[in-house]
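Trainee: Need a 3D model of the sequence below.
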Amino acid sequence: MSVAPPPRADARDLDRSLVRGIAWTGGIKWATQILAWAATLVLARLLTPADYGLFGMATVYLGLVELVNEFGLSAAIVQRRDLDDDQIASLGGLSVLLGVVLTGLSLLLARPIAVFFGEATVRPLIMALSLTFVATALQVLPRSLLARDLEFRKLAWLDGITAVTQTAVTLVLAVLGYRYWALVLGALASRAVTTVVAYAFRPNRLTLPRRVEQVAGAVIFGWQVVVARVTWYLYSNADSAIVGRVLGKASLGAYAFGQTLASIPVERISALVGRVTPAVFAAVQDDKPALRRYLRNLTEGLALITFPASAGLALLAHDLVLLALGERWRAAIMPLRLLAIYGGIRSVSTLFPQILVALGRTKRNMQFNLVAVVVMPAAFLIGSRWGTTGVALGWIVGYPLIALPLFMRSVFRLIDMPVSDYLRALWPAISGTLVMSGAVIGLRVALADALPLAARFGVLSLAGASAYAGMLLLAHRGRVLGALAHLREMRR
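Mentor: Reported below is the predicted structural model:
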């Protein structure tokens, strides 16, 4: 994070909210993640693969519907600061109405979906899980208002309560022999409990809209957000669909493993920050200098962590895959390398759609995703001629070609930010990563096969980390120390 002039008092408060929000969200997420991993190991002994398979069939459909369940109304409530109490209550009521409609639609579709999978048991599972749409809709208003008020600690606790309740109920029911119903009832119980707690944290009345114009602006805003989410979901999963369809299940298995590893920096770091930043951007939507400062600082902070992590995965993919999984997974090495490089790009680009939404430019965000949902699958299909390597290259070649002219350029123009400022924010991470890469490649050539695989992996990892840290301290010491001092000040 760049060294900047001391912000105003209100800006300091917002900075503290941002840092504390990330800390609370990260702390509770990691704690519940550890709990979930432990519970999964226990459940694996209590439930069968068939139980998980039935639950998975039901959630394939439900996962897609979740993207449109709240119709983007939460984003509208957070961004639209001009909404009065009646409009907010009406949007909450509209969200619940939409949840009821989706529940009814799912009840009707449960039978055809079960027929598609050839499993009659899937029907009652979908019918039961459909009730989560109503619970999620009821949470839209309290969660949105908590985010709007920058109450990230309470939002983090809601996520923690959801995870703990689902884990506890699922485990108890699995022990009692409820099999796949343990997974279903655990999900339902967690949503119900979290809904009650959400309204205890942020009570607010709900009403149905009396006039269309009362909520028309927010509904259009939300609709554009939903279209962007659905198209993002489609093109983000198009690569795996094409690999599976064109190259077969073995290639898909190798590609999926590489994709999972390559996504770790983005999912664990950028996605965590992304739980907090939309509300912060919305709070300063009319303050261009503040938006520029947050984009610079967050970009620099994210890049300092994700760039070396992504580059490290790419450089050590060969040794990592062979060491952890063995020779039979060799096909995952090249996808991992290429997708790790794309992961570094994606880790900082996630901030741009958030700024567009915060500025109310949801139409531009939607247009970008509509273009991407056409271009990216075409790039993957063309790349499939060269196997999984070609598909992975589709991300590296195709995504920047769309994002740079349509996405980043729009944000820079809207907040009056020179491209040179953005590049300066990236330079510490880029320069450190280049030095790290040179050190790892040079040492790898020097060592050749002189060390066992495990020892070589350890030596290269240590050398890369040391080279990166050394470059930051030698060439960017002032910025690193300034960023740390700024963080300490914000925590007070």
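Trainee: For burial, what's the neighbour tally of Asp51?
Mentor: Residues lying near Asp51 (other C-beta atoms under 10 Å) number 18. C-beta coordinates here come from the backbone N, C-alpha and C atoms, glycine included.
Trainee: can you give me phi and psi for the residue nearest to it when sequence neighbours are not counted?
Mentor: If you skip the residues right next to it in sequence, Asp51 has Tyr180 as its closest partner in space, 4.1 Å away by C-beta to C-beta, 6 or more residues apart in numbering. Here the main-chain torsion angles of Tyr180 (degrees, to the nearest 10) amount to phi -70, psi -20.
Trainee: Then Leu206?
Mentor: For Leu206, the backbone dihedrals (degrees, to the nearest 10) come out as phi -120, psi 140.
Trainee: how far does stretch 190-210 sit from the chain's center?
Mentor: In terms of C-alpha atoms, centre = their mean, to the nearest Å, the gap separating the centre of stretch 190-210 from the centre of its chain is 25 Å.
Trainee: So for it, mean pLDDT?
Mentor: With pLDDT averaged residue by residue, stretch 190-210 scores 87.
Trainee: residues in contact with the residue nearest to Asp51?
Mentor: Neighbour list for Tyr180: Leu47, Ala50, Asp51, Tyr52, Leu54, Phe55, Thr121, Leu125 [criterion: C-beta atoms under 8 Å, 6 or more residues apart in numbering].
Trainee: ok, it to Ser190 distance?
Mentor: Distance, Tyr180 to Ser190, using C-beta to C-beta, to the nearest Å: 16 Å.
Trainee: Look at Leu370 and say how many residues are nearby.
Mentor: Here the neighbour count serves as a burial measure; for Leu370 (other C-beta under 10 Å) it reads 14.
Trainee: Enumerate every residue touching it.
Mentor: For Leu370, the set of contacting residues under the criterion of C-beta under 8 Å, 6+ apart consists of Val227, Thr231.
Trainee: Helix, strand or coil: sort out it for me.
Mentor: The local conformation at Leu370, judged by DSSP: H, G, I helix; E, B strand; the rest coil, is helix.
Trainee: Please name the nearest non-neighbouring residue to Val480.
Mentor: The spatial neighbour of Val480 that comes closest, neighbours along the chain excluded (C-beta to C-beta, 6+ apart), is Leu472 at 5.4 Å.
Trainee: Could you do Gly186 as well?
Mentor: In space, and not counting its chain neighbours, Gly186 is closest to Thr170: 3.2 Å by C-beta to C-beta, 6+ apart.
Trainee: and the one you found, what is it in contact with?
Mentor: When the contact criterion is C-beta under 8 Å, 6+ apart, the partners of Thr170 are Ala39, Leu43, Ala182, Leu183, Leu185, Gly186, Ala187.
Trainee: Can you give me the pLDDT of it?
Mentor: Here, the pLDDT recorded for Thr170 equals 89.
Trainee: what do you get for Arg491?
Mentor: Reported pLDDT for Arg491: 56.
Trainee: returning to what we had before: what sits against the residue nearest to Val480?
Mentor: Leu304, Pro428, Gly432, Val480.
Trainee: buried stuff in whichever strand or helix holds the first one?
Mentor: Using DSSP states H and E, the element containing Leu304 is helix 288-315. Neighbour-count burial for helix 288-315, with 16 or more other C-beta atoms under 10 Å as criterion, is recorded at 290-315.
Trainee: Repeat that for stretch 459-473.
Mentor: Quick answer for stretch 459-473 (16+ other C-beta under 10 Å): Val459, Leu460, Ser461, Ala463, Gly464, Ala467, Tyr468, Met471, Leu472.
Trainee: Of those residues, which pair is most distant in space?
Mentor: Farthest apart among these by C-beta to C-beta are Val459 and Leu472. That separation is 20.8 Å.
Trainee: Gly360: neighbour count?
Mentor: Here the neighbour count serves as a burial measure; for Gly360 (other C-beta under 10 Å) it reads 16.
Trainee: hey, where'd the strands end up in the stretch 51-200 of the chain?
Mentor: In the stretch 51-200 of the chain, no segments count as strands under DSSP state E, counting those that start in this stretch.
Trainee: Okay, now the unreliable bits of it?
Mentor: The stretch 51-200 of the chain contains no residues with pLDDT under 70.
Trainee: what helix or strand is the residue most central in space within the chain on?
Mentor: Centroid-nearest residue in the chain: Ala271, 3.8 Å away (criterion: C-alpha atoms, centre = their mean). Element membership for Ala271 (DSSP H and E) is helix 271-273.
Trainee: contact partners of that helix?
Mentor: Helix 271-273 is touched from outside by Ile22, Thr25, Gly26, Lys29, Leu298, Leu302, Thr350, with contacts defined as C-beta under 8 Å, 6+ apart.
Trainee: quick one on the thing from earlier: select, from the contacts of Thr170, the two members most distant in space.
Mentor: Ala39 and Leu185 (14.8 Å).
Trainee: Verify the stated contact: Val391 with Arg385.
Mentor: No - shown here, Val391 and Arg385 do not form a contact pair, counting by C-beta atoms under 8 Å, at 9.6 Å.
Trainee: Against Arg385, how distant is Leu426?
Mentor: Between Leu426 and Arg385 the computed distance is 33 Å (C-beta to C-beta).
Trainee: what's the answer for Gly217, then?
Mentor: Per C-beta to C-beta, Gly217 is found 47 Å from Arg385.
Trainee: With Leu247 instead?
Mentor: From Leu247 over to Arg385 the distance is 10 Å, taken as C-beta to C-beta.
Trainee: Looking at these two, which is more packed in?
Mentor: Between Leu247 and Arg385, Leu247 has the larger neighbour count (other C-beta under 10 Å), namely 17 against 9.
Trainee: Next one, pLDDT for the more buried one please.
Mentor: According to the model's per-residue confidence, Leu247 sits at a pLDDT of 82.
Trainee: Now it, what are its backbone angles?
Mentor: When read as degrees, to the nearest 10, the backbone of Leu247 gives phi -100, psi -20.
Trainee: Contact partners for it?
Mentor: Residues in contact with Leu247, defined by C-beta under 8 Å, 6+ apart, are Tyr255, Ser384, Gly387, Thr388, Val391.
Trainee: Among the residues you listed, which one sits closest to Leu145?
Mentor: Among these, Tyr255 lies closest to Leu145 (C-beta to C-beta), at 41.4 Å.
Trainee: quick one: which helix or strand includes the closest one?
Mentor: In this assignment (DSSP H and E), Tyr255 forms part of helix 249-262.
Trainee: name the helices or strands packed onto that helix?
Mentor: Using 3 or more C-beta pairs under 8 Å, 6 or more residues apart in numbering; DSSP states H and E as the contact criterion, the neighbours of helix 249-262 among helices and strands are helix 212-242, helix 288-315, helix 333-349, helix 387-403.
Trainee: go again using 7 Å as the cut-off
Mentor: helix 212-242, helix 333-349, helix 387-403 (3 or more C-beta pairs under 7 Å, 6 or more residues apart in numbering; DSSP states H and E).
Trainee: pull the CA atoms of the second one into PDB?
Mentor: In other words, helix 333-349. Backbone C-alpha positions of helix 333-349 (Å, rounded to 0.1, in the frame of the first residue of the first chain) are rendered in PDB as follows:
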ATOM      1  CA  ILE A 333       1.600 -29.300 -14.500                       C
ATOM      2  CA  MET A 334       1.100 -27.000 -17.600                       C
ATOM      3  CA  PRO A 335      -2.500 -26.000 -16.800                       C
ATOM      4  CA  LEU A 336      -1.300 -25.100 -13.300                       C
ATOM      5  CA  ARG A 337       1.500 -23.000 -14.600                       C
ATOM      6  CA  LEU A 338      -0.600 -21.000 -17.000                       C
ATOM      7  CA  LEU A 339      -3.700 -20.700 -14.800                       C
ATOM      8  CA  ALA A 340      -1.400 -19.500 -11.900                       C
ATOM      9  CA  ILE A 341      -0.200 -16.600 -14.100                       C
ATOM     10  CA  TYR A 342      -3.800 -15.700 -14.900                       C
ATOM     11  CA  GLY A 343      -4.600 -16.000 -11.200                       C
ATOM     12  CA  GLY A 344      -2.200 -13.100 -10.600                       C
ATOM     13  CA  ILE A 345      -3.900 -11.000 -13.200                       C
ATOM     14  CA  ARG A 346      -7.400 -11.800 -11.800                       C
ATOM     15  CA  SER A 347      -6.300 -11.100  -8.200                       C
ATOM     16  CA  VAL A 348      -6.100  -7.400  -8.800                       C
ATOM     17  CA  SER A 349      -8.700  -7.100 -11.600                       C
END
